[in-house]
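1. below are the sequence and a predicted model; questions follow.
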Amino acid sequence: MTTDFSGPDRVFAFADSLGISDEEAPVIEETTIPWVVFMLTGEWYALPVDAVQEIIRVGEITRVPDAPSVVRGVVNLRGRVLPVVDLRVRLGLPAAEPDKNTRIVVLPTRGRWIGVLVDAVKRIERFRPSDVRPVPSDVLSERSDYFRGVVQKDDRLVVLLDAEHVLLVHEGEMTNMNQIRVTEQ
Amino acid sequence: MGNNPLFGELLDEFVIESSRRLETIEQALLEIGERPSANTAESVADLRRELHTLKGNAGMMGFRGIQSRAHELEECVVDGQPLTAEQTSFLLRGVDDIRASMHGATTADRSGLTVPVAAVDAIVELLADSMILGSRLARQIEMLGDDAEPMALAWEALEKTLTAIHRRTLALRLVPLNPLFASLHRIVHDESLSEGKEIHFIATGGETPLDKSLHHVAAEALGHIVRNAVIHGIEPAEIRLARGKPAAGSIRVSAVSSGAEEICVTIEDDGAGIDRHLLLAAAERKGLAVSDPNDLDSLLYLPGLSTLEETTLSAGRGIGLSASVTAVRRLGGRIEIDNRLGEGAAFRLFLPMQLSMVRVMLVEADGEQYAVPLSAVATVARMAKTELHVINGSGAIGRRRGLLPLLDLGMTFGTSAAIRPQGTVITLAVGGKRRGLLVDRPGAVLDCVVKPLDPICGSTTGILGTTIVSEGRVLLALDPIALLERPLSVRTAA
């Protein structure tokens, strides 16, 4: 597929393109909430479909010198320049190495759009709110307020993220790491 | 009555007429406040008449609030008696109130067709986008070869039309500086009153046009400068007399189009000038780091610096000027200071007349491309290995007027660890400062729209914003002023 999937409808179109048929979806009793499920370093994560503008392929990312380490650079989306946050770095994981599966999930926030880099988008999945369990407190730190909970699905664990909090970059992370310090000529 | 088109027209007319009337009243009040000779029975009677008409019109249109406020003002003026300072202040406050309540009444602010600035901005943006798409189209046509000649000609004609529409649309946003000057006059009036100083305000060149979207930034910066001039610049009358100056100070504001695409607003006072030692002492007291004690500009724009011990409501907080200088630079402008200790100071604010396409030159260093505003580029020349001199870790190259210091772009942005031994030197020159930007090679010259970076990218120095080039790639536009000020060597003197 080479098409971009924009807007909530297009997110579902993206799900269709992944070949998920309606038969697979269980009969809905409790109101379920759709999530965009994606991979980061082999683990499953999800962001609410409501918070996602669209999912795009990775084109050329322009590096921004002196930018915080979580900011991978900027990209052009139909004439709009948006910053791309490396979600792996944001969650304390090793930086992403983009390949053909890498996608940018575009999140509109506070009147602007910010892209987050993920390893691969897997599917759109509906979860029942009653299936969401709290994240075990011993894996939490004071900076992990972006976890909404976890869902156990078959033998997989999906970590649900909060779109707004995941984009709040803390003071300490504003320091840049991608600059070579030169002290000797 | 609200949906009646005739009422809409009348309303527009009322607002336009009353805005002019308020301006007349404000000007007359400022005159009276400054020159006792203007405080005559005749001018007071004029004032009363204007207020009376304003009240009548407001009543006719059903604006009870404006009507009663105007009535209070009219009652305060007594025919045949000159105004007291208290009366003048009361009337000026009233003018502000009425202006504020009228602001909500309608969008009309001048005769003819009135359009919100945002609508014009939207068209400008669409036009800029279509021109970028157009250049992509042109490249495609070019690849088709001779067969596409008619297509190429058609595109050429369309491009000319697009450029003309773009230029004309931008011109719609040009608005004279007069209202901005009136607001400066008002600041000088109010501040000198509270400081107990007598100051003459002289403005010329108010007809000079400036892009409406730049008025706010200009007003902000100039407001800080005149406030500082009244509070810190102009000395108290007794000191002025002792120094052989007239008791009353003066602040002159003038504007000129300093080039085809640039305006320059000068604010000049005949006060004490800026004492560098006072600024240094203040910085030391506050524990602020000073990069260069001889550089007045960098001292003056230090965030959090004020030379006054006490802090007044309007000035002395020391945060304003540094913030406005940053805002001005982001828009491609600059501020220069001409300081004469004991005689006064002149601030010159340069701004592009229009916020629009910027002509840039592409440059490449270590495989990364950047856009340099062409207005800051003086010369472009290749540098051979033998021409480079390395002094104390910094590069320099011999030029007719002496050694030109070099800033290696790759080293600046962390892509290389040492000065490249050969490449191209782009001489940046802004306001008398010169420096060579060392890159691998220059690229094309093109027009582009520069948009600011998202704040999540942090405070990146040396970058003006982003721009999209014809292939859809995002490039970073460099900030020549920041590059001219950036330390050349990371090694410290110690």
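-> Arrived safely. Residues are numbered from 1 along each chain as shown, chains lettered A, B, ... in the order given.
2. C-alpha from now on. contacts and neighbour counts both.
-> OK.
3. quick one: residues contacting the residue most central in space within chain B.
-> In chain B, the C-alpha closest to the average C-alpha coordinate belongs to residue B:218, at a distance of 3.2 Å (C-alpha atoms, centre = their mean). Residues near residue B:218 by C-alpha atoms under 8 Å, 6 or more residues apart in numbering or on different chains: residue B:328.
4. tell me which element it is part of?
-> helix B:212-228 (DSSP states H and E).
5. and for the next helix or strand after that helix, what's in contact with it?
-> Toward the C-terminus, helix B:212-228 is succeeded by helix B:237-242 as the next helix or strand (DSSP H and E). When contacts are defined by C-alpha under 8 Å, 6+ apart, helix B:237-242 is touched by residues B:197, B:198, B:246, B:247, B:248.
6. ok, so of those residues, who is nearest chain A?
-> Of all the contacts of helix B:237-242, chain A sits closest to residue B:197, with 45.3 Å by C-alpha to the nearest C-alpha.
7. please look at that closest one and residue B:233 and confirm they touch.
-> No - using C-alpha atoms under 8 Å, residue B:197 makes no contact with residue B:233, being 11.2 Å away.
8. okay, these two: which has more neighbours?
-> residue B:233 (24 against 19; other C-alpha atoms under 10 Å in any protein chain shown).
9. contact partners for the more buried one?
-> So residue B:233 contacts B:269, B:270, B:271, B:272, B:273, B:274, B:344, B:345 (C-alpha under 8 Å, 6+ apart).
10. list the residues that contact the closest residue in space to the third one that isn't next to it in sequence.
-> I take that to be residue B:271. For residue B:271, ignoring the flanking residues on the chain, the nearest one in space by C-alpha to C-alpha, 6 or more residues apart in numbering or on different chains is residue B:234 at 4.0 Å. Neighbour list for residue B:234: B:249, B:250, B:269, B:270, B:271, B:272 [criterion: C-alpha under 8 Å, 6+ apart].
11. turn those into JSON lines, including pLDDT.
-> Converted to JSON lines, those look like this (pLDDT from 0 to 100):
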{"residue": "B:249", "pLDDT": "95"}
{"residue": "B:250", "pLDDT": "95"}
{"residue": "B:269", "pLDDT": "95"}
{"residue": "B:270", "pLDDT": "94"}
{"residue": "B:271", "pLDDT": "92"}
{"residue": "B:272", "pLDDT": "90"}
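12. for those, which one is nearest residue A:64?
-> Using C-alpha to C-alpha, residue B:269 is the member of the contacts of residue B:234 that lies nearest residue A:64, at 41.9 Å.
13. state the distance from that closest one to chain A.
-> Taking C-alpha to the nearest C-alpha, to the nearest Å as the measure, residue B:269 falls 40 Å from chain A.
14. could you find the closest non-adjacent residue to that residue?
-> The nearest residue in space to residue B:269 (C-alpha to C-alpha, 6+ apart) is residue B:251, at 4.5 Å.
15. break down the stretch 101-250 of chain B into its helices, ranges please.
-> For the stretch 101-250 of chain B, the helices defined by DSSP state H, counting those that start in this stretch cover B:117-144, B:149-172, B:178-195, B:212-228, B:237-242.
16. still on that earlier bit, any idea how far chain A is from the residue nearest to the centre of chain B?
-> Residue B:218 is 26 Å from chain A, by C-alpha to the nearest C-alpha.
17. chain center to the helix holding residue B:218: distance?
-> Computed by C-alpha atoms, centre = their mean, to the nearest Å, the separation of helix B:212-228 from the middle of its chain amounts to 6 Å.
18. quick one: mean pLDDT over that helix.
-> Per-residue pLDDT over helix B:212-228 has a mean of 88.
19. hang on, residue A:89 in a helix?
-> Yes - assessed with DSSP: H, G, I helix; E, B strand; the rest coil, residue A:89 lies in a helix.
20. burial of it, as a residue count?
-> Neighbour count for residue A:89, taken as other C-alpha under 10 Å: 17.
21. quick check: closest non-adjacent residue to residue A:101.
-> Nearest non-adjacent residue to residue A:101 (C-alpha to C-alpha, 6+ apart): residue A:120, at 5.1 Å.
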